[in-house]
Each structure stands twice: as C-alpha cells, then as structure tokens.
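K.L.:
Need a 3D model of the sequence below.
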Amino acid sequence: MSERNDPIARKGRFTAMVIAGTAVFWVLASLIGAEYGWSNRTRALFDMLALAGFIWAFVLIYQLWRARQSNQSTNQR
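P.N.:
Have a look, this model is predicted:
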C-alpha cells in the first residue's frame, strides 16, 4: 500500500469501527432495555443515539468517497 493511500485506508477502518460500534451499542441497548423494562421514552433515546451514529458514519463514508475521487483524479493526470 502506498503512502498516499494510507490516510484513506485509516479513515476507512475508522468508519468501519464507527458502524460496528454503533450497531453493537444499539443491539445491547435494546437487549438491556427489554430485560430491565425501560420505558419507551428511554429506549427511543438510545434509538436516536444509534441513528446519530449511523448518520455520522454516512458522513464519514461520503468524505471517504470524496477523498478517493480526489485521489483518483490526481493519479490520472
């Protein structure tokens, strides 16, 4: 892997960790909430936090896509 692609690869790994971490958090919050009988309002709070995490991951994916497009256009010149 060349040095120019290293920041892109690092950002890709970080994005993957955000997605995986958000999914694990969401599943655990749902299971714990069901086990302890949390109110729907509390469960909705954790759902909104998970949604925010997935939206953040989508923004990271878009930034990664833009960085790759920029990298490809400089390589073609």
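
K.L.:
For residue 8, give its distance to residue 76.
P.N.:
Between residue 8 and residue 76 the distance is 16 Å, computed by Cβ to Cβ, to the nearest Å. From N, CA and C alone the C-beta is placed, and that goes for glycine too.

K.L.:
Which one's more surrounded, the two?
P.N.:
residue 8 (15 against 5; other Cβ atoms under 10 Å).

K.L.:
For that one, give me its contacts.
P.N.:
Contacts for residue 8 (Cβ atoms under 8 Å, 6 or more residues apart in numbering) come out as 64, 67, 68, 71.

K.L.:
where's the residue nearest the centre of the chain, which helix or strand?
P.N.:
For the chain, the residue nearest the mean C-alpha position is residue 57 (2.9 Å; Cα atoms, centre = their mean). If you go by DSSP states H and E, residue 57 is part of helix 40-76.

K.L.:
now the helix or strand bottoming out on mean pLDDT in the chain: how far from the chain's centre is it?
P.N.:
Every helix and strand in the chain was compared by mean pLDDT, DSSP states H and E; the lowest is helix 40-76, with a mean of 93. Taking Cα atoms, centre = their mean, to the nearest Å, one finds the center of helix 40-76 at 5 Å from the center of the full chain.

K.L.:
Could you give me the buried positions within that helix?
P.N.:
For helix 40-76, the neighbour count (16 or more other Cβ atoms under 10 Å) marks 46, 50, 53, 57, 60, 61, 64 as buried.

K.L.:
what's the closest non-adjacent residue to the fifth one?
P.N.:
Right, the one you point to is residue 60. residue 15 (4.3 Å; Cβ to Cβ, 6 or more residues apart in numbering).

K.L.:
on that earlier part again, out of the contacts of residue 8, the closest to residue 34 would be?
P.N.:
Residue 34 lies nearest to residue 64 out of the contacts of residue 8, by Cβ to Cβ, at 34.5 Å.
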